[in-house]
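Undergrad: Provided below for reference: sequence and predicted model.
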Amino acid sequence: MDSLIRIWAQCFGYLLHLLPRQTQLLLGDLLGSIIYYTCGRARKTAELNFTQAFGFLSQEAIRACFSHFGKCILEILQITNGVSQLKFLRFENQELMIEHQKSGMGSILISAHFGNWELVGSLSQFGLPIYGLYREQKQAQGLIYWLRKQTGMIPLDVQKSLKGAIKALKEGKILGIVGDQFREKEFLFFKSNTHFPLGAARLACQMNCPLFFVTCEREGMDLVIRVHEVLYPDVSMPTEDKVDDIVNRYISLLEGRISKAPEQYLWMRDYWGNFRNQLTKSSNKLVD
């Protein structure tokens, strides 16, 4: 069954590739509209998250978020034609990672659910050995795994390959991690508490290696994969403080990118839902 899905995805991606860029974007907007109107739960989650972050609700921004998401799906399918064929893809500041790679030391590429994050692994075309950490997903796992490999990135299941990730860093490879995924410790995100993972920061401190903050942002009709900043562990701090410091700096950078293009963040994920539920339960107890 997986092979049939892959064949379908490859054929559809090829047909999309033949279309003018403007038509691709219009189809992506149409797909986003369908998701917006048919997935009420995702729309409501996006509305709650956006309001939590900015203190007000913008239906225009929510609609734009779904439009962006639809475009991302169609762009990801086109990766089956090869990165070199994606004429809408541009790169900036990749030389920062290329120069560090020459040192023979490992590093971490940290991104987020912002822009078209699935295409960040396309940096591999510059000879960068990127191993992308992911967690197994129940739905369409085979297709997602295969599509990620098409960028040139080598997927590693973090639950099965943590030792492999450490080994890769020791060998001078690059670990690609989505740093706003899965919850571990509370941090302030847009002035509200929510959980962020610590894995990337812990690995950076343990291996004393840098983190490159990278995004793939929509700019006009193009997507720009940009290396923004390099985060180094502060060696003057105790280990736990170093870890928290890196996460806080990462969050600050992420907030900055989101504030400039809020429609490109994946607001459909439930970032603050658990805290809203806790507040509701506490309020009900007080009333009782």
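TA: Received, thanks. Numbers count the residues shown, from 1 in each chain.

Undergrad: need the helices for the protein, in chain order.
TA: For the chain, the helices defined by DSSP state H cover 2-18, 21-38, 40-54, 59-77, 95-101, 141-150, 162-170, 199-207, 239-260, 273-287.

Undergrad: Would you mind listing the outside residues contacting the first one?
TA: For helix 2-18, the external contacting residues (CB atoms under 8 Å, 6 or more residues apart in numbering) are 24, 27, 74, 77-81, 85, 140, 142-143, 146-147. Every C-beta, even on glycine, is put in place using the N, C-alpha and C of the backbone.

Undergrad: next one: the third one
TA: Helix 40-54 has contacts (CB under 8 Å, 6+ apart) with 35-36, 57-59, 61-62, 65-66, 189-190, 192, 258, 262, 267-273, 276.

Undergrad: Comparing the helices of the chain by mean pLDDT, which bottoms out?
TA: Lowest mean pLDDT within the helices of the chain: helix 273-287, at a mean of 48.

Undergrad: that older thread, please type out the ChimeraX selection for whichever of the contacts of helix 2-18 turn out to be buried.
TA: Command for ChimeraX that selects the buried part of the contacts of helix 2-18, burial taken from 16 or more other CB atoms under 10 Å:
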select :24,27,74,77,78,79,80,81,146,147
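
Undergrad: Turn the contacts of helix 2-18 into CSV, including distance to residue 129.
TA: Listed next are those as CSV, based on distance: CB to CB, whole Å:
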residue, distance to residue 129
24, 30
27, 34
74, 28
77, 25
78, 24
79, 18
80, 21
81, 22
85, 22
140, 26
142, 23
143, 24
146, 19
147, 19
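
Undergrad: Out of the contacts of helix 2-18, which is nearest to residue 219?
TA: Proximity of the contacts of helix 2-18 to residue 219 (CB to CB) peaks at residue 24, which lies at 15.4 Å.

Undergrad: Test my guess that that closest one contacts residue 73.
TA: No - Residue 24 is beyond contact range of residue 73, at 11.1 Å (criterion: CB atoms under 8 Å).

Undergrad: ok so, going back, for residue 216, which of the helices of the chain is the nearest?
TA: Of the helices of the chain, nearest to residue 216 by CB to CB is helix 59-77, at 9.2 Å.

Undergrad: Pull out the buried positions in that closest one.
TA: Quick answer for helix 59-77 (16+ other CB under 10 Å): 61-72, 74-77.

Undergrad: now, which of these sits nearest residue 95?
TA: The closest of those to residue 95 turns out to be residue 75 (CB to CB; 24.4 Å).

Undergrad: Apart from its neighbours in sequence, what residue is nearest the closest one?
TA: Excluding the flanking residues, the one nearest residue 75 by CB to CB, 6 or more residues apart in numbering is residue 116, at 5.7 Å.

Undergrad: Check residue 239 too.
TA: residue 205 (5.9 Å).

Undergrad: What is the burial count for that neighbour?
TA: By other CB atoms under 10 Å, the residues close to residue 205 number 21.

Undergrad: before we move on, the earlier item: quick check, nearest of the buried residues of helix 59-77 to residue 129?
TA: residue 76 (21.7 Å).
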